[in-house]
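# sequence first, predicted model second:
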2 protein chains.
Amino acid sequence: MNKYINKIITGDSLQKLSNKEIFPDNSIDLIITSPPYADRRANTHKSSEYVEWFLPIAEQLKRILKPNGSFILNIKENVAKHERQTYTYELLLELKEQGWMWREEYCWYKNTSFPGYWPKRFRDNWERIYHFSKDIEIKFNRNAVKVPIGKWAEKRFNGKDIEHDKKRHVSKTGSGLSREVNKWKGKKEVDPHNVLEFTPVTNNINHSAAYPVYLPLWFIKLLSKKGDLILDPFMGSGTTAIAALELERKYIGIEIQASYSKVARKRIKEYKKSKIDS
Amino acid sequence: MNKYINKIITGDSLQKLSNKEIFPDNSIDLIITSPPYADRRANTHKSSEYVEWFLPIAEQLKRILKPNGSFILNIKENVAKHERQTYTYELLLELKEQGWMWREEYCWYKNTSFPGYWPKRFRDNWERIYHFSKDIEIKFNRNAVKVPIGKWAEKRFNGKDIEHDKKRHVSKTGSGLSREVNKWKGKKEVDPHNVLEFTPVTNNINHSAAYPVYLPLWFIKLLSKKGDLILDPFMGSGTTAIAALELERKYIGIEIQASYSKVARKRIKEYKKSKIDS
DNA sequence: GTTCCGCATGAATCGATAG
DNA sequence: ACTATCGATTCATGCGGAA
C-alpha cells in the first residue's frame, strides 16, 4: 500500500476501499470524513437508499481500520416537506448492527450557518459528528485538546483554601460523588466537552468551506499520533489531507470527481510550498 | 375536563392520558415534557423496553393534541459500557411510524453539565429536544423568541454599505439559497437558531433543577398563545406549570410520585403568591 | 446599591471489590 | 458467575449573606 500513502485516489469509494492491495486489513489509524448528504434535489431518494449506499462502504472501513483506531463521521439530515429526514437515525442503528461501537455523538455548533427563512423552523446551526470504534481500547490523547479553564476559577482560588470544597458531597440521587475543588487550584487547562464550537481563528490554512479544517485538526489531534495514517474516503477538496499534514500525519484520500481531486492536489501542493517558504 | 385545568394529577401517565373524560380528543395546545431517562441501574432494561414503555403514551398524546399543536420532547441517551445507548434513536423512528411529523431536533447546549471523568470520552454538554407535530400547519410565533442581533452587524454596518453585500450571494452547494446582507441593516433583533444556549436571560424564577424553567418558557412562547392549555405528562416538580403561569397559559400536569406532586403544588402556590406580592 | 465570597449541587460512568 | 456497592475522577454556575 506504500505507493498510495500521501496520495489522493480518484475513483469510487466502495470499489477502492474493497481493493486489498491498496487497503489491507487493519491498516488505517483514523478515518475521518464528511460524506455527501442525501441529495435534497432527488426527492424520490428514500432514507433507506442512503443507508444502503453507505453500509457496504462502512463494512470496508471496519475491515481496514486498526483495532485501536477511530472512525469520525460528520453528517446531518436534510429537511424535506417540513420534516427532517431520518437517514442519520437509520444509519446509526445499522452501523451498530454492523458491529461498530458508538462511542459518542459530538454536537458541532456552527456559528456560521447559512441564513434563510423557513415558515416553521429556524436556521440549522449544528451538525452531528459520530465517533465509532471497533474495540473499547482506542487512542485518546485528551491532553492534545485541552481548553483554558473558565474565568470563575480565578475568582475562586484567589487566596485561601475553601474548607467546604475538601469535604465529600453525596448527591441526592444516590450516586456517590466526591470532589476536592482545591485540586484544580492553579490549573490552567481543563478537558473540553462534547459541544464543539471552534471559535473563529485567523489561520492561514483556514478555508471558508462546508468542512473547515479545524474540524479534522481537532479529531486528528485527539485520536491519532504523529506518523499515523489518516483516511478520508470522501476527500472533496482535500481538507482532511491538509489537516493531516499540518499535524505530521500521513493521509490517503479517495474522491470520485476528478475536478475535486485536482483542486485537492493543488491545495496540498500550495500548502506544502507555504510551509517551506515560511 | 374543566375541573382538571390548572391541576396536577397524581397517577400513572398512560392511565390518566387514556381517560377521555380528563383528556378529550384534540384538547391540548402544547405538550412539553422531559420524561425519565432509561434507568441505568436496571441493566436488564434494553433500549427496546424504553421504547415499548413510551409508545402507548405517545399514542395518547397524539390523540389529545390539537391538530395545530406541538409536542416537545426533551431526552438524552445514557452511556453504558463505553457506548451510547440507542433508545432515543429507536424511539424517534417509532414515533415517525406512529404518525408524528418530526419537525426539528434542537440542540440544548447546557452550560452546567455534570462533571466527571471517563477514559475515552468528555463531559456530556448537550441534550436533544425534539419538536413533533400532527399536521404541517402549527402555531409558530417566531416574534416571541427573537434575540438581539450579533455584534458583527454593528461592525459591518457602521456607515457605508458594503458593495458585496448588495449583490445576491449564491451558495456554492447549489442549494439555491441566497441572501442580501443589507436587508439586515438597522435590525435590532433576529430569529434564533436551533442551538439553544439560554445565556443569562429569563432568570426570574430561581430553582436549580435538571429541567430549568427557561426551557419550557421558550417553547411555550414559540408554540402557543395566551390562554392555551399546556400539558406535561411527567411534571416532576412543576417547572412546566410555572412557565405556563408566567406566560398566562393554562396547564395540566401528571406526576406518578405523590412526593413530587406535593412539591409542585407548593412551588405553584408560592409562585402565585410572589406574583401577587410584587 | 454593588461586588465579593463561600456554599451548594447538577439525568455520570467505570473499574475494583465485596457479597 | 453475577449483582451490588464504593471510590475516583471532573467544571461551572447560581444564590444568599457579607463587605
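Right, received. Where do you want to start?

# hey, let's count contacts and neighbours off CA atoms from now on
OK.

# residue numbers of the stretch 151-278 of chain A in contact with chain B?
Counting by Cα under 8 Å from any Cα of the partner chain, the stretch 151-278 of chain A comes close to chain B at A:191-195.

# buried residues in the longest helix along chain A?
Scanning chain A for the helix with the most residues, using DSSP state H, yields helix A:258-277. Buried residues in helix A:258-277, counting neighbours by 16 or more other Cα atoms under 10 Å in any protein chain shown, are found at A:260-262, A:264-265, A:267-268, A:271.

# ok, stretch A:210-229 next?
Result for stretch A:210-229 [16+ other Cα under 10 Å]: buried residues A:211-217, A:219-225, A:228-229.

# can you list the residues of the stretch 151-278 of chain A next to chain B in CSV and add distance to DNA strand C?
Formatted as CSV, these follow (distance: Cα to the nearest atom of the strand, whole Å):
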residue, distance to DNA strand C
A:D191, 14
A:P192, 14
A:H193, 12
A:N194, 12
A:V195, 14
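
# for the stretch 101-250 of chain A, which segments count as helices?
Here the stretch 101-250 of chain A has its helices, by DSSP state H, counting those that start in this stretch, at A:152-156, A:214-223, A:239-246.

# can you list contacts of the longest one?
It stands for helix A:214-223. Applying Cα atoms under 8 Å, 6 or more residues apart in numbering or on different chains, the contact partners of helix A:214-223 are A:30, A:32, A:69-70, A:72, A:138-145, A:198, A:206, A:239-240, A:243-244, A:247.

# filter those down to the buried ones.
The buried subset of the contacts of helix A:214-223 - by 16+ other Cα under 10 Å - is A:30, A:32, A:69-70, A:72, A:138-142, A:239-240, A:243-244, A:247.

# pick out the most distant pair among the residues you listed.
Pairwise distances across those (Cα to Cα) peak at 23.9 Å, for the pair A:I138 and A:T239.

# related to what we said a few turns ago, distance between the longest helix of chain A and the chain's centre?
For helix A:258-277, the distance from its own C-alpha centre to the chain's C-alpha centre is 22 Å (Cα atoms, centre = their mean, to the nearest Å).

# name the residues that touch it?
Under Cα under 8 Å, 6+ apart, the answer for helix A:258-277 is A:8-10, A:205, A:235-239, A:241-242, A:255.

# same question, stretch A:10-19
Contacts for stretch A:10-19 (Cα under 8 Å, 6+ apart): A:22-23, A:56-57, A:60-61, A:233-234, A:254-258, A:261.

# got a winner among the residues you listed for most neighbours?
A:P233 (26 neighbours; other Cα atoms under 10 Å in any protein chain shown).

# now that residue. Its backbone dihedrals?
Main-chain dihedrals, A:P233, degrees, to the nearest 10: phi -80, psi -10.

# if I look at the closest residue to it other than its chain neighbours, how far off is DNA strand C?
Nearest non-adjacent residue to A:P233, counting by Cα to Cα, 6 or more residues apart in numbering or on different chains: A:I254, 4.7 Å away. To DNA strand C, A:I254 is 33 Å away according to Cα to the nearest atom of the strand, to the nearest Å.

# three-state assignment of A:I254?
strand (DSSP: H, G, I helix; E, B strand; the rest coil).

# bridging residues for it?
Beta bridges link A:I254 to A:I9 when assigned by DSSP bridges.

# what residues are up against it?
Residues in contact with A:I254 (Cα under 8 Å, 6+ apart) are A:8-13, A:16, A:232-235.

# name the nearest of these relative to DNA strand C.
A:D232 (27.5 Å; Cα to the nearest atom of the strand).

# verify the contact between the closest one and A:G253 for me.
Yes. A:D232 lies in contact with A:G253 (Cα atoms under 8 Å); the separation is 4.9 Å.

# which residues do these two both contact?
With Cα under 8 Å, 6+ apart as the test, A:D232 and A:G253 both reach A:A241.

# re earlier: which of the contacts of helix A:258-277 sit farthest apart?
Farthest apart among the contacts of helix A:258-277 by Cα to Cα are A:T10 and A:I205. That separation is 23.4 Å.

# looking at the helices of the stretch 101-250 of chain A, which is nearest to DNA strand D?
The nearest among these, by Cα to the nearest atom of the strand, is helix A:152-156 at 4.6 Å.

# what's the average pLDDT for the closest one?
Averaged over helix A:152-156, pLDDT sits at 76.

# what about it, near DNA strand D?
Yes. Helix A:152-156 is in contact with DNA strand D by Cα under 7 Å from any atom of the strand, via A:152-153.

# helices and strands around that helix, which ones?
Using 3 or more Cα pairs under 8 Å, 6 or more residues apart in numbering or on different chains; DSSP states H and E, no helix or strand is in contact with helix A:152-156.

# what comes up buried for stretch A:119-131?
A:120-131.

# in CSV, list the residues you listed along with pLDDT and distance to A:K187.
Below are the buried residues of stretch A:119-131 laid out as CSV (pLDDT from 0 to 100; distance: Cα to Cα, whole Å):
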residue, pLDDT, distance to A:K187
A:K120, 97, 45
A:R121, 97, 42
A:F122, 96, 39
A:R123, 94, 37
A:D124, 95, 36
A:N125, 95, 32
A:W126, 96, 31
A:E127, 96, 31
A:R128, 98, 31
A:I129, 98, 29
A:Y130, 98, 30
A:H131, 98, 28
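
# what's the closest of those to A:K3?
A:H131 (28.7 Å).

# show me what contacts that closest one?
So A:H131 contacts A:70-73, A:102-106 (Cα under 8 Å, 6+ apart).

# what about 7 Å?
A:70-73, A:102-105 (Cα atoms under 7 Å, 6 or more residues apart in numbering or on different chains).

# what bridges to A:W118?
The partner residues for A:W118, given DSSP bridges, come to A:R121.

# what's around it, how many residues?
With other Cα under 10 Å as criterion, A:W118 counts 9.

# pretty sure A:S47 sits against A:T88.
No. Using Cα atoms under 7 Å, A:S47 is not in contact with A:T88; the gap is 8.4 Å.

# how about the strands of the stretch 1-150 of chain A, start to end?
A:7-10, A:28-33, A:65-75, A:79-80, A:83-84, A:101-109, A:126-133, A:147-148 (DSSP state E, counting those that start in this stretch).
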